[in-house]
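**Student:** sharing a model prediction with you, sequence too.
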Amino acid sequence: MIGSIRGTVTNLSADHCLLENNGIGYRIFMPVSTLSKLKTGQEIKVFTYMAVREDAILLFGFSTQEYHALFLQLTAVSGIGPKVALGILSSITPEAFYIAIKNRDIKLLTTLPGIGKKTAERLLLEMKDKIGAMDENGLDVSDASSPGTLQSSLNEAVEALRALGYNNGEIYPVVEGLTDVEQMSTENIIRQALKNMGRRKQ
């Protein structure tokens, strides 16, 4: 099985890129949050997962081992396949997802694509014993025992941006790139995110 690939991005699409290595172009499906940061001609390394089906062999790629590890955990949950797992990773960071699981934040989980209330409840049930893997992956969720003001402000800002018509693939890369976010109110997060989105479209 292919564990990782280093190559040059030769083409970008809505849900995948072509990564060329030694004359071979690999079609690799990636989270939107990762694809939005790539440029053609860029050399990158991705950690991969190969899904073998009767009608296709698909490669999924991730910029970090944290994303790769969460993808594997998600696909191990009954009812969640690679495409749904990819949609989840397009919408939320591993850290935020693990915090949502530990906080049993079913409201946040049901905002993720492909996740209804029953699937969210299944995620809480099947992943609660996997929280220990966060430490192994170097993820800091030490503040996950309670939602906290910062997480609440971020969630409120994300929901407000969705209400304005932005999708998760547009929202999360911008929000994650904000500096000094721990000192910002919900209103300031929204204001700065909108400002940065305007710059990205220019």
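**Tutor:** Here it is on my side, so go on.

**Student:** wait, isn't residue 38 in contact with residue 44?
**Tutor:** Yes - applying CB atoms under 8 Å, one finds residue 38 in contact with residue 44, separated by 6.9 Å. (Glycine included, C-beta is placed from N, CA and C.)

**Student:** so which of those two has more stuff around it?
**Tutor:** Using other CB atoms under 10 Å, the more surrounded residue of residue 38 and residue 44 is residue 44, with 19 against 16.

**Student:** need the overlap of contacts for residue 38 and residue 44.
**Tutor:** Common neighbours of residue 38 and residue 44 (criterion: CB atoms under 8 Å, 6 or more residues apart in numbering): residue 9.

**Student:** mind listing what's buried in stretch 153-161?
**Tutor:** Under the neighbour-count criterion of 16 or more other CB atoms under 10 Å, stretch 153-161 has 153, 154, 155, 157, 158, 160, 161 buried.

**Student:** just the pLDDT at the last one, thanks.
**Tutor:** By that I understand residue 161. At residue 161, the model reports a pLDDT of 82.

**Student:** ok, residue 34 touching residue 68?
**Tutor:** No - using CB under 8 Å, residue 34 makes no contact with residue 68, being 11.1 Å away.

**Student:** so what sits against both of these two?
**Tutor:** With CB under 8 Å, 6+ apart as the test, residue 34 and residue 68 both reach residue 62.

**Student:** out of the helices and strands in this protein, which is least certain?
**Tutor:** Within the chain, no helix or strand scores below helix 133-136, which has a mean of 48 by mean pLDDT, DSSP states H and E.

**Student:** and the residue of the chain most remote from its centre, what's its pLDDT?
**Tutor:** Using CA atoms, centre = their mean, the residue of the chain lying farthest from its centre is residue 23. It sits 29.4 Å away. For residue 23, the model assigns a pLDDT of 93.

**Student:** distance of it relative to residue 113?
**Tutor:** Counting by CB to CB, to the nearest Å, the separation of residue 23 from residue 113 is 35 Å.

**Student:** domain parsing for the protein?
**Tutor:** Using automatic domain parsing, the domain ranges for the chain come out as 4-62, 65-136, 148-201.
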